[in-house]
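Undergrad: let's see this in three dimensions:
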Amino acid sequence: MFPIHLDIFGSTKGFYEGIYFAIAVALAIWFAFRLAKSENLNKDDFMLLLMVALISGVIGGSIFQQFFYSNATGLKDIISDWDNGFSITGAVIIGPFLTYLWCKWKKLNYWKLFALVVPAIILGQAAGRLGCFMNGDGHGTATELPWGVEFPRYGHAVPSFELKAEPRYESDAWKYSLRNGLVEPTDTKSAAVHPSQIYELLADLVLFAFLLKLFNRIRERKDARWRMVPFAYVGGYSLIRFLIEFTRADRELADGAALSQMQWLLILAMIVSAVLFWLASQKSAKA
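TA: Residues are numbered from 1 along each chain as shown. I've put the predicted structure just below:
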C-alpha cells in the first residue's frame, strides 16, 4: 500500500487516490474523443459537455460520500464537509441527471452524447479503482480465500519506499482488522481481506466491453436508439456495485437489515434502468 505517491523535499505530497482520479479523468476524456471522431461533433461543445459531466459527477459523488459513508446527519453536514472522500456511485446516479438539464438548456442531443461518453466513463472508473487499491481504501471484509490481500499497517512513501516517522498513515484495512479483533496491536499487517477494488476493476472492464459493443452496433446500423447505452451503463454499474457491496467492509446495515441503504438505492436504479432500457430497445430505429 502506497498512499503517498510523491514526497518531494518533504513538502509536496500526492496521494494515489487523487493521482489515479486524475488519470481516470484523462483516460475517459481521451477515449471519449476517440469515439466522437467519426460523429462530426463540435469539439468545443463536446469538451464543454465533458466538463459539465465531470463537475456534476464530483458533486454527486461528494454528496453520496457524505450521506452514506461520513455519518452526515443533515443537509448542513453534507454541504459543509467536503473533505471526507468521494463515492463513484453518487457520480453515476446524480451526474447524468445534472448533465441532462444542461443539455436541455443548450438544446443538444443528450442521449447520443451520453452514449458517446459512457464507455469512456466506465474505463476511467476501472483506472480509478486501481488507485483505490494502491491507496488501501474501499477494501473488503476478512476472507480465507487464496487471493485475500494483507495490507501493511503503515503506508510507504514513493520514491523512497521508507516508512515515515511522522506522520505514519495507518491503513484502513489494518484499523478494520484491529477493531474486529483479527490482529494484535503489534501486528504490522492486516488480516487477509477481499480485494473489493480489484473485483470492481475487473467488472468495470467487462461492462466497458459490453457498452462499447452496444455503442458500435447502434452506430453501424445507423440506429436512433442511443438511450440504450446510458441505461445499460447505469443499470450495469448499479448491479456491479450492488454485488460488490456484499464484500465491502464499510457496508453499514441497520439493525436486522440484510441490505444497506446504498443497496436499496442500487436496486431502485437497476429496476428503473432495466425498464427504460427495454422501452428504448422497442423504439423504431428511425425514431
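Undergrad: from here on, contacts and neighbour counts on C-alpha atoms
TA: OK.
Undergrad: quick one: Cys132 is in a helix?
TA: Yes - Cys132 forms part of a helix when assessed by DSSP: H, G, I helix; E, B strand; the rest coil.
Undergrad: and it, how many residues sit next to it?
TA: Cys132 has 23 neighbours, counted by other CA atoms under 10 Å.
Undergrad: low-confidence ranges in this structure?
TA: Within the chain, the ranges that satisfy pLDDT under 70 run 1-18, 38, 61-62, 65-93, 155-169, 254-256, 284-287.
Undergrad: quick one: the strands in it?
TA: With strands called from DSSP state E, the chain shows them at 4-8, 12-15.
Undergrad: okay, Gly57 and Ile94: tell me how far apart.
TA: In this view, Gly57 and Ile94 are 7 Å apart by CA to CA, to the nearest Å.
Undergrad: the two: who's more crowded?
TA: Set Gly57 next to Ile94 and count neighbours by other CA under 10 Å: Gly57 wins out with 26 against 19.
Undergrad: you'd agree the more buried one is up against Gly95?
TA: Yes - when contacts are counted by CA atoms under 8 Å, Gly57 is listed as touching Gly95 (4.1 Å).
Undergrad: what residues are bridge-paired with Val193?
TA: With DSSP bridges as the criterion, Val193 is bridged to Ala142, Val149.
Undergrad: can you pull the contacts of Ser281?
TA: 225, 228 (CA atoms under 8 Å, 6 or more residues apart in numbering).
Undergrad: actually, Val52.
TA: 99, 102.
Undergrad: same question, the one 4 residues further on
TA: Residues counted as contacts of Ser56 (CA under 8 Å, 6+ apart) are 91, 94-96, 98-99.
Undergrad: please report how far it lies from Ala224.
TA: In terms of CA to CA, Ser56 sits 26 Å off from Ala224.
Undergrad: same thing with Gly60?
TA: Distance, Gly60 to Ala224, using CA to CA: 29 Å.
Undergrad: tell me which of those two has more neighbours.
TA: A count of neighbours by other CA under 10 Å puts Gly60 above the other of Gly60 and Ala224, at 24 against 18.
Undergrad: wouldn't the more buried one be in contact with Gly95 here?
TA: Yes - if you go by CA under 8 Å, Gly60 and Gly95 touch, sitting 5.9 Å apart.
Undergrad: how many neighbours does Val183 have?
TA: Neighbours of Val183 under the rule other CA under 10 Å: 17.
Undergrad: pretty sure it contacts Ser190?
TA: Yes - counting by CA under 8 Å, Val183 does reach Ser190; the two are 6.6 Å apart.
Undergrad: what sits in contact with each of these two?
TA: Contacts common to Val183 and Ser190, judged by CA under 8 Å, 6+ apart, are 174, 177.
Undergrad: show me what contacts Phe277?
TA: By CA under 8 Å, 6+ apart, the contact list for Phe277 reads 227-228, 231-232.
Undergrad: OK, contacts around the closest residue to Lys112 other than its chain neighbours?
TA: Of all residues not flanking Lys112 in the chain, Trp226 sits nearest, at 5.3 Å (CA to CA, 6 or more residues apart in numbering). Counting by CA under 8 Å, 6+ apart, Trp226 touches 111-112, 115, 215, 218.
Undergrad: give me the phi and psi for Trp226.
TA: Backbone geometry at Trp226, expressed as degrees, to the nearest 10, gives phi -60, psi -20.
Undergrad: also Asn180?
TA: phi -100, psi 10.
Undergrad: state the distance from it to Ala173.
TA: Plainly put, Asn180 is 11 Å away from Ala173 if you go by CA to CA.
Undergrad: what do you get for Ala53?
TA: With distances taken as CA to CA, Ala53 is found 32 Å from Ala173.
Undergrad: looking only at neighbour counts, state which of these two leads.
TA: Neighbour comparison, Ala53 and Ala173: the larger count goes to Ala173, with 27 against 24 (by other CA under 10 Å).
Undergrad: count of residues packed around Phe246?
TA: Neighbour number of Phe246 under other CA under 10 Å is 17.
Undergrad: any residues touching stretch 143-150, and which ones?
TA: Around stretch 143-150, the neighbours that count as contacts under CA under 8 Å, 6+ apart are 142, 189-195.
Undergrad: just the endpoints, please. Distance across stretch 217-236?
TA: Stretch 217-236: ends 18 Å apart by CA to CA.
Undergrad: in it, what counts as buried?
TA: 218, 224-236 (16 or more other CA atoms under 10 Å).
Undergrad: turn the residues you listed into CSV, including distance to Phe46.
TA: Output for the buried residues of stretch 217-236, formatted as CSV (distance: CA to CA, whole Å):
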residue, distance to Phe46
Ile218, 20
Ala224, 19
Arg225, 20
Trp226, 16
Arg227, 18
Met228, 20
Val229, 18
Pro230, 17
Phe231, 20
Ala232, 22
Tyr233, 20
Val234, 21
Gly235, 24
Gly236, 24
